[in-house]
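Trainee: Got a sequence here, can you model it:
(one chain, ligands or ions: 1)
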Amino acid sequence: MRLRWCRQTQEEEESKNTGKGTVGAVALDASGNIAVATSTGGITNKKFGRVGDTPIIGGGTYANNQTCAVSCTGDGEFFIRLVTAYDVASLVQYKLVALGEACQAAVDKLTQLGGEGGLIAVDTKGNVELKFNCESMLRGWKNDRGEGSINIWPDGE
Ligand code: ASP
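Mentor: Prediction:
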């Protein structure tokens, strides 16, 4: 799975390639191991020395074999404040909610604080979630049964 966060409009996306540079991946292997990787160049005009959410375990990146893997993209300061990736895993582990519900709750918290972005996640059963509150998020997933999809805009668009 991979993702890239985009704030620009469809017209901007089509006229020039100005997408953000964040790429995230989450995976569940045949042995039940869950992994996450997130890479980013940060945000445009960031302050020198800024550390975003991407390298902060629990902020923009988290994986645990007991629950799920989560990779975030978007306004990093919000993911840090909300400890978003760990929040999703905690909802799954302690509140026993489904991965989709946990991811939506995390995105709702992001929206309430005024942040934009999204996340991808996979759990121990191979459930996949790709949620965002921004206009678009480049994303894709595939499982061992050959099912999967690739999308940019919200589902159905
Ligand atoms: N989350 C990244 C950051 O704040 C940016 C991004 O995902 O595009 O550094």
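
Trainee: Would you verify that residue 73 is located in a helix?
Mentor: No. Counting by DSSP: H, G, I helix; E, B strand; the rest coil, residue 73 is not part of a helix but strand.

Trainee: For it, give the beta-bridge partners.
Mentor: Residue 73 has these beta-bridge partners by DSSP bridges: residue 118.

Trainee: Pretty sure it sits against residue 22.
Mentor: Yes. Residue 73 is within contact range of residue 22, at 4.3 Å (criterion: CB atoms under 8 Å). In short, each C-beta sits where N, CA and C put it, glycine included.

Trainee: Next one: the residue most central in space within the chain from residue 110, what distance?
Mentor: Centroid-nearest residue in the chain, with CA atoms, centre = their mean: residue 119, separated by 1.7 Å. From residue 119 over to residue 110 the distance is 9 Å, taken as CB to CB, to the nearest Å.

Trainee: Now do the shared contacts for the two.
Mentor: Common neighbours of residue 119 and residue 110, using CB atoms under 8 Å, 6 or more residues apart in numbering, are residue 84.

Trainee: quick one, what contacts residue 77?
Mentor: Residue 77 touches 52-53, 115, counting by CB under 8 Å, 6+ apart.

Trainee: Any residue of the helix or strand hosting it touching the ligand?
Mentor: Here residue 77 sits within helix 76-82, counting by DSSP states H and E. Yes. Judged by CB under 6 Å from any ligand atom, helix 76-82 comes into contact with the ligand at residue 76.

Trainee: Could you pull out the buried residues of that helix?
Mentor: Of all the residues in helix 76-82, those buried under the rule 16 or more other CB atoms under 10 Å are 76, 78-80, 82.

Trainee: for stretch 144-153, same thing?
Mentor: residue 152.

Trainee: what's the following helix or strand after the lowest-mean-pLDDT helix or strand in the chain?
Mentor: For the chain, using mean pLDDT, DSSP states H and E, the weakest element among its helices and strands is helix 10-15, scoring a mean of 50. Downstream of helix 10-15, the first helix or strand assigned by DSSP H and E is strand 23-28.

Trainee: Tell me how far that next one lies from the chain's centre.
Mentor: From the chain centre to the centre of strand 23-28 is a distance of 9 Å (CA atoms, centre = their mean, to the nearest Å).
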